[in-house]
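> Give me the fold of what follows.
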Amino acid sequence: MLRWTVTFIVLALIAGVLGFTGIAAGAASIAKILFILFIILFVISLLLGKKPV
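Below you'll find the model as predicted:
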């Protein structure tokens, strides 16, 4: 999941630098969604991964 996020962020940056606004906007929106999803899954795994000693 993190690999996809990084891929779309890099794609959005490259497209933004080259001026392809449609591609940059699409890749940026996908990257935002994947980033938020990754953060949510990370927090859930932190909360459920704790085991009492």
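> for residue 7, what are its contacts?
Contacts for residue 7 (C-beta atoms under 8 Å, 6 or more residues apart in numbering) come out as none. No exception for glycine: its C-beta is placed from N, CA and C like everyone else's.
> shift numbering so it begins at 47
Shifting the count to begin at 47 puts that one at residue 53.
> how far away is it from residue 84?
Separation of residue 53 from residue 84 (C-beta to C-beta, to the nearest Å): 13 Å.
> so where's the chain uncertain?
47, 96-99 (pLDDT under 70).
> which residue is nearest the centroid of it?
A centroid search over the chain (C-alpha atoms, centre = their mean) returns residue 81, at 2.7 Å, as the residue closest to the centre.
> What's the separation between the residue lying closest to that one once chain neighbours are set aside and residue 83?
Excluding its sequence neighbours, the residue lying closest to residue 81 (C-beta to C-beta, 6 or more residues apart in numbering) is residue 51, at 5.1 Å. Applying C-beta to C-beta, the value for residue 51 to residue 83 is 8 Å.
> who has more neighbours, these two?
residue 51 (19 against 13; other C-beta atoms under 10 Å).
> The more buried one contacts residue 80, correct?
Yes: using C-beta atoms under 8 Å, residue 51 is in contact with residue 80, at 4.1 Å.
> Not counting stretch 62-82 itself, show me its contacts.
The contact list for stretch 62-82 (C-beta under 8 Å, 6+ apart) reads 47, 50-51, 54-55, 57-58, 61.
> In that stretch, which residues are buried?
Residues of stretch 62-82 classed as buried: 70, 73-74, 76-77, 80-81 (neighbour count, 16 or more other C-beta atoms under 10 Å).
> Redo these as a markdown table? Include distance to residue 93 and secondary structure.
Below are the buried residues of stretch 62-82 laid out as a markdown table (distance: C-beta to C-beta, whole Å; DSSP: H, G, I helix; E, B strand; the rest coil):
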| residue | distance to residue 93 | secondary structure |
| --- | --- | --- |
| 70 | 35 | helix |
| 73 | 31 | helix |
| 74 | 29 | helix |
| 76 | 26 | helix |
| 77 | 25 | helix |
| 80 | 21 | helix |
| 81 | 19 | helix |
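> Just the buried positions in whichever helix or strand residue 53 is part of, please.
Here residue 53 sits within helix 48-64, counting by DSSP states H and E. The neighbour-count check on helix 48-64 (16+ other C-beta under 10 Å) flags 51, 54-55, 57-58, 61 as buried.
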